[in-house]
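> Only the shape, not the letters, is given here:
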């Protein structure tokens, strides 16, 4: 058996709000003018990632995990999740505003959809001058106010809007009403779930004149009506792992690489690196692997010692 840093064929998703930055900015092989998402690592049903490099090229991530569960996932992750890969990694290009939406917590998602909930994190890779995000309520709200604001088409007025720039990070616990605004490219880390309750979609229609389905009632008891503080501040010490988020679902660190960093870790969890700017090499047992902006790689848990070298901004994700 030989395991090594794994890359995957991007799973590209057309979205009514998508554009072309995934190609121009991240070099993804899109062929559509409305590509909104590149799923980098996924085991969502019907959207399972396929390995794009090395000895295991052509195998699905699920196949590899079935063969070598502890070596890929890690001893702790395997104990906790079995052969399920618990996270989903994406890049998003919002040419237009996404719908206003909310994700259910684990218990509600399991009861209704036999799924994980969807705690997630956003890292802003690029933002136009007027780009913004919607994250939670301006003031404490209620189910009645929520329903009335939808009826009156004034929900934007009670939600908190944040102007954003490159490097901003938001951690969205389940229940947080949110929307990614136009003019942003986002790296997203989330639980393995595709459960979204769409609340408001700006009365948009697709090319056939159809509106998208809304889930106003399902969202009612999934929403957290309290004010949230989702924006995260973090250190940027060069050539070190600077913690941004540490929750029960994932830990995310920021590495401003300018030179080299020797990584030594245990075999309890896989590690994922998302290159959000620049370029770097990874040296594993004398073999060099090369990465650029927009690349995502999965380090199997059995790879406990390696070195990264280059000039890049990198997100480092694992389960602690």
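Received the coordinates, thanks. Keep in mind that what you see is a predicted model, and the values were worked out from it rather than measured. Numbering: from 1, shown residues only.

> Now for residue 67, how many residues are close by?
For residue 67, the tally of surrounding residues (other C-beta atoms under 10 Å) stands at 12. (Each C-beta comes from the backbone N, C-alpha and C, glycine too.)

> Beta-bridge partners for residue 272, please?
Beta bridges link residue 272 to residue 298, residue 317 when assigned by DSSP bridges.

> if I pick it, what's in contact with it?
Remark: with contacts taken as C-beta atoms under 8 Å, 6 or more residues apart in numbering, residue 272 is in contact with 41, 87, 89, 296, 297, 298, 299, 315, 316, 317, 318.

> From residue 12, how far out is the spatially closest residue to residue 294 that is not a sequence neighbour?
Distances taken as C-beta to C-beta, 6 or more residues apart in numbering place residue 26 nearest to residue 294, at 3.1 Å, with adjacent residues excluded. According to C-beta to C-beta, to the nearest Å, residue 26 stands 11 Å off from residue 12.

> if I pick residue 136, what's in contact with it?
Counting by C-beta under 8 Å, 6+ apart, residue 136 has contacts 159, 160, 176, 177, 178, 224, 227, 228, 230.

> My error: substitute residue 19 in the last question.
By C-beta under 8 Å, 6+ apart, the neighbours of residue 19 are 33, 34, 35, 36, 93, 94, 95.

> 6 Å instead?
93, 95 (C-beta atoms under 6 Å, 6 or more residues apart in numbering).

> Please enumerate residues in contact with stretch 37-49?
Residues from elsewhere that reach stretch 37-49 (C-beta under 6 Å, 6+ apart): 8, 10-13, 22, 28, 60-62, 85, 88-92, 192, 194, 296, 298.

> again, only using 7 Å
8-13, 15, 22, 28, 60-62, 85, 88-92, 192, 194, 272, 296, 298 (C-beta atoms under 7 Å, 6 or more residues apart in numbering).

> Can you flag the buried ones in those?
Using 16 or more other C-beta atoms under 10 Å as the burial test, those include 8, 10-13, 15, 22, 28, 61, 85, 88-92, 192, 194, 272, 296, 298 as buried.

> And residue 207, what's its pLDDT?
With respect to pLDDT, residue 207 has a value of 81.

> Verify the assumption that it is located in a helix.
No: Residue 207 sits outside any helix when classified using DSSP: H, G, I helix; E, B strand; the rest coil, being coil.

> Against residue 100, how distant is it?
Note on residue 207: its distance to residue 100, by C-beta to C-beta, is 22 Å.

> For those two, indicate the residue with more neighbours.
Between residue 207 and residue 100, residue 100 has the larger neighbour count (other C-beta under 10 Å), namely 21 against 7.

> Might one say that the more buried one is in contact with residue 179?
Yes: the pair residue 100 / residue 179 is scored as a contact, 4.6 Å apart, by C-beta atoms under 7 Å.

> still on that earlier bit, please name the residues that touch the residue nearest to residue 294.
Per C-beta under 7 Å, 6+ apart, neighbours of residue 26: 91, 293, 294.

> what do you get if the cut-off is 10 Å, keeping everything else the same?
Counting by C-beta atoms under 10 Å, 6 or more residues apart in numbering, residue 26 touches 10, 38, 40, 91, 93, 125-126, 185, 187, 275-276, 292-296.

> quick one: which of those has the most company?
residue 93 (29 neighbours).
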